[in-house]
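>>> need the 3D shape of this:
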Amino acid sequence: MRRSRKVKILATLGPASSEEVMIKRLFEAGADVFRINMSHADHPLMRTLVARIRKVEKEVGRPIGILADLQGPKLRVGKFANGSEELKIGESFTLDDDPTPGNASRVQMPHPEILESVKPGDRLLIDDGKLQLKAVKTNGKSITCTVVSGTKISDRKGVSLPDTELPVGALTEKDRKDLDAVLATGVDWIALSFIQRPEDLAEVRKVARGRAALLAKIEKPQAVARLAEIIELSDALMVARGDLGVEMPLEAVPGIQKQITRACRRAGKPVVVATQMLESMISAPVPTRAEVSDVSIAVFEGADAIMLSAESAAGEYPVEAVATMNRIAERVEQDPNYPSIINAQRSEPEATGADAISLAARQIAETLKLSSIVTYTASGTTGLRAARERPQVPIIALSPVVETARRLSLVWGTHCVVTADASDLDDMVNRACRIAYQEGFGREGDRVIITAGVPLRTPGATNMLRIAYIGTDGQGGI
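Okay, here's the model as predicted:
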């Protein structure tokens, strides 16, 4: 099943989309990768969803990626004697380690790391920023604050700390158990929530040991400040605009989205734009005009993937949401301005033979109007380099490793095909032409350009270009 767009669609599974028949409908509507949110899925449900996705994958004959999104640390205030309290702007309110139910002047903060780390002047945002407090005095056991904005606080509301770096990793005990469970099922991507620093990725990488690729969700100011280091240690990034919009000014988020997208494109790392893209379709069959523009901006920017959250997980119109996103992406990529915008943001290649080969493949393919670029990739590196160039022609990524093909299903422009490895150069050319023909990317007499590493089966050694004609029945000829 060939897509008519290069950007990928990541759809979240949930109560509205957990059955096998619905997963298949979502794939047919345009979903390329499925997200399992471990904030809401227990281990038996997660294993069931993975099994259903793999069954659909077998039925449709296309590699499908699975992303498991770890919950990360959830910081919450304690409980109140009356369930909630009304505060007044300018008055004092204290967060402390006393487990006694709270009142209008104080409440427990059941996280010692917060009590020890917050400094005077730091902001504390409660309930997604609806209540803003500013620390005035701290002593390691309590934080005396001034109410800056908002008035209501109630049981177990979440706490965000935009000015404070906590001395804890991104993995909670729940995350560690979830990580072991999802790795055992063979998911392709692990998403890490509330990353603050590059070191947060190190612990997960030690546990994963290459069994899954790591995607860092950028949703805290501390992560934005160390973006370059986090990109270097990640396999992909997500612009998690929901929490990012809580911890940073809302008006700053669009610029940060562009900053992250372009930094990832320069580094050749996939980037996903997420949160509220078609939010109104949770309860409406059509999106707002503003949402259509929002999705189109991410596509024009050259993001690798765009994501649906509650729209596909719990909404009333999950299939329609995916189909709508698919139509928007197709239309944007057909826009006459799209190539020039993508080209204007293209980065210079790194000074390596592999990057030079990928650049040359794109230039030759576009100059000679070839039907496609065919890359042989065992580890996925060659496919990533080809996608970094954002060519106007399709990229066919051939891999003997099904896990590689599944991971590349998140990557811009890659049509992934699992095939046996080529035995020699002639077989490589013939196989590339035959698959391009069979998958609908070329007809008899069309030409393709092939990139690979020689000797064959050498990871990361892209060093060869070959132009070939598609002959009779898809056979190749130089």
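>>> helices of the stretch 1-150 of the chain, start to end?
Secondary structure of the stretch 1-150 of the chain, counting by DSSP state H, counting those that start in this stretch: helices at 20-29, 43-60, 112-117.
>>> one more: the stretch 151-300 of the chain?
Per DSSP H, counting those that start in this stretch, the stretch 151-300 of the chain carries helices over the ranges 173-185, 199-208, 221-225, 227-233, 241-247, 253-267, 289-300.
>>> which one of these lies closest to Ala310?
helix 241-247 (10.5 Å; C-beta to C-beta). Heads up, the C-betas are built off the backbone N, CA and C, glycines and all.
>>> separation between Asp32 and Asn326?
10 Å (C-beta to C-beta, to the nearest Å).
>>> who's more crowded, these two?
Neighbour tally, Asp32 and Asn326, criterion other C-beta atoms under 10 Å: the higher count belongs to Asp32, 24 against 20.
>>> ok, now which ones touch Glu91?
146-147 (C-beta atoms under 8 Å, 6 or more residues apart in numbering).
>>> do a quick rundown of the helices in the stretch 301-450 of the chain.
310-313, 318-334, 338-344, 353-367, 381-388, 402-408, 425-438.
>>> could you dump the ones you listed into a markdown table with mean pLDDT and distance to Ile260 added?
Below are these laid out as a markdown table (pLDDT from 0 to 100; distance: least, C-beta to C-beta, whole Å):
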| stretch | mean pLDDT | distance to Ile260 |
| --- | --- | --- |
| helix 310-313 | 98 | 22 |
| helix 318-334 | 98 | 19 |
| helix 338-344 | 94 | 17 |
| helix 353-367 | 93 | 22 |
| helix 381-388 | 93 | 16 |
| helix 402-408 | 98 | 20 |
| helix 425-438 | 92 | 33 |
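>>> alpha carbons of stretch 154-171, as PDB, please.
Extracted C-alpha coordinates of stretch 154-171, given in PDB (Å, rounded to 0.1, in the frame of the first residue of the first chain):
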ATOM      1  CA  SER A 154      -7.900  20.800  44.500                       C
ATOM      2  CA  ASP A 155      -6.900  17.200  45.200                       C
ATOM      3  CA  ARG A 156      -3.900  15.700  43.400                       C
ATOM      4  CA  LYS A 157      -3.600  18.400  40.800                       C
ATOM      5  CA  GLY A 158      -0.400  18.200  38.700                       C
ATOM      6  CA  VAL A 159       2.600  20.400  39.300                       C
ATOM      7  CA  SER A 160       5.000  21.900  36.600                       C
ATOM      8  CA  LEU A 161       8.300  23.500  37.400                       C
ATOM      9  CA  PRO A 162       9.500  25.600  34.500                       C
ATOM     10  CA  ASP A 163      12.400  27.200  36.400                       C
ATOM     11  CA  THR A 164      13.600  24.200  38.500                       C
ATOM     12  CA  GLU A 165      15.800  21.300  37.400                       C
ATOM     13  CA  LEU A 166      15.000  18.300  39.600                       C
ATOM     14  CA  PRO A 167      17.900  16.000  40.600                       C
ATOM     15  CA  VAL A 168      16.000  12.900  39.400                       C
ATOM     16  CA  GLY A 169      16.100  11.000  36.200                       C
ATOM     17  CA  ALA A 170      13.200  10.800  33.700                       C
ATOM     18  CA  LEU A 171      12.400   7.200  34.700                       C
END
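>>> tell me how far it is from the chain's mean position?
With C-alpha atoms, centre = their mean, to the nearest Å as the basis, stretch 154-171 stands 22 Å off its chain's centre.
>>> what are the buried residues along it?
Of the residues in stretch 154-171, 154, 157, 159-164, 166, 168-171 count as buried by neighbour count, 16 or more other C-beta atoms under 10 Å.
>>> before we move on, what about stretch 187-207?
187-198, 200-201, 203-204.
>>> now do stretch 100-120
For stretch 100-120, by 16+ other C-beta under 10 Å, it's 102, 106-111, 114-115, 117-118.
>>> what about that stretch, how long is it end to end?
In stretch 100-120, first residue to last residue: 24 Å (C-alpha to C-alpha, to the nearest Å).
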